[in-house]
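Chemist: My questions concern the predicted model and sequence given below.
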Amino acid sequence: MAIELHSWPRSSGTRVSWALEELGLPFKYIELDPKKQEHLAPKYLAINPHGKVPALLDDGQRFFESAAILLHLGEKYGVAKKLWPAPGGQAHADALCWTVWASCELFAYLMQYLYHGLDTPVSYRPQDRSKAAAEYCLSQLARQLRALEAQLQERDYLFGGFSLADVAAGSALALGVALGLGLEQYPRTAGWCRRCTDRPAFKRAR
């Protein structure tokens with residue numbers, strides 16, 4: 001059964017299509033139209049009961065949440081493609097942790113800072129922003145970036161060679177940089193982000 005990715009442009013589904021491109025897996029991209037509320041149709045809610053994107057169908061199995069999808073792709077396909085460590089060692093444990101971290105910590109604080117602290121197409125209206133939220137989320141984002149900067153010491157990617165964990169974290173920062181986040185204080189992280197976004201699979205991702 002073919003892999004189906006249900007998503008729309010400029011969403012967290014982009015990191016899933018990037019991962020699929022890196023893995024060289026054929027897949028059918030089904031673009032939902034949020035204006036028509038296709039993500040709330042009963043057929044789609046049977047795949048993702050939360051009515052959000054992305055969702056993935058793979059050999060009859062249904063997945064939602066981009067981090068869960070990346071973990072599934074890594075476990076099922078990534079080991080053979082050398083884009084995910086085999087189970088049983090610290091490398092595998094690290095890949096699990098950094099992939100979840102990318103969504104739960106890095107991306108979460110990044111988005112809240114974009115909403116409250118910068119002027120971007122996704123930011124709240126000025127009258128709806130919270131200065132306290134912006135300052136707190138920036139402090140937490142800085143903590144994440146310091147950890148990332150340390151992890152990238154003497155490494156081109158999170159674990160040396162490129163992996164799907166880099167997709168998880170790189171997709172988050174690529175969005176932030178595109179919307180005006182500066183990485184001048186984090187030169188290793190900035191270089192890593194450029195290497196990630198220069199990859200042909202990233203450019204092919206929808």
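Modeler: Done, it's in.
Chemist: and the gap between Ala95 and Ser103?
Modeler: 14 Å (C-beta to C-beta, to the nearest Å). C-beta: built from backbone N, CA, C; applies to glycine.
Chemist: In terms of packing, which of those two has more residues around it?
Modeler: Ala95 (26 against 20; other C-beta atoms under 10 Å).
Chemist: For the more buried one, give me phi and psi.
Modeler: Phi and psi for Ala95, reported as degrees, to the nearest 10, are phi -60, psi -40.
Chemist: Report the contact partners of it.
Modeler: Gly74, Trp84, Pro85, Phe159, Ser163, Leu164, Ala165 (C-beta atoms under 8 Å, 6 or more residues apart in numbering).
Chemist: shouldn't the second one be in contact with Leu70?
Modeler: No. Under the criterion of C-beta atoms under 8 Å, Trp84 makes no contact with Leu70, lying 9.2 Å away.
Chemist: what's the neighbour count on Gly24?
Modeler: Counted with other C-beta under 10 Å, Gly24 comes out at 10.
Chemist: Quick one: list the elements packing against the longest helix seen in the chain.
Modeler: Counting residues, the longest helix in the chain under DSSP state H turns out to be helix 131-151. Secondary-structure packing of helix 131-151 (3 or more C-beta pairs under 8 Å, 6 or more residues apart in numbering; DSSP states H and E): helix 108-117, helix 187-197.
Chemist: Any chance of TSV for these, columns distance to Val16?
Modeler: Output for those, formatted as TSV (distance: least, C-beta to C-beta, whole Å):
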stretch	distance to Val16
helix 108-117	17
helix 187-197	15
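Chemist: I'd like these as TSV, with mean pLDDT and mean neighbour count appended.
Modeler: Compiled in TSV, the helices and strands packed on helix 131-151 are given as follows (pLDDT from 0 to 100; neighbours: other C-beta atoms under 10 Å):
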stretch	mean pLDDT	mean neighbour count
helix 108-117	98	20
helix 187-197	98	18
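Chemist: Grab the most central residue of this protein for me.
Modeler: Among the residues of the chain, the one closest to the centroid is Ala168, at 3.9 Å (C-alpha atoms, centre = their mean).
Chemist: doesn't Ala67 make contact with that residue?
Modeler: Yes. Using C-beta under 8 Å, Ala168 makes contact with Ala67 at a distance of 6.6 Å.
Chemist: okay, and the common contacts of the two?
Modeler: With C-beta under 8 Å, 6+ apart as the test, Ala168 and Ala67 both reach Thr99, Ala102, Ser103.
Chemist: Check the burial of Tyr157 by counting its neighbours.
Modeler: So Tyr157, with other C-beta under 10 Å, has 17 neighbours.
Chemist: from memory it sits against Trp192, does it?
Modeler: Yes. Between Tyr157 and Trp192 there is a contact at 6.6 Å, judged by C-beta under 8 Å.
Chemist: quick check: domain ranges of this protein?
Modeler: Under the assignment automatic domain parsing, the domains of the chain span 3-78, 90-204.
Chemist: quick one on the thing from earlier: after the longest helix of the chain comes which helix or strand?
Modeler: helix 164-178 (DSSP states H and E).
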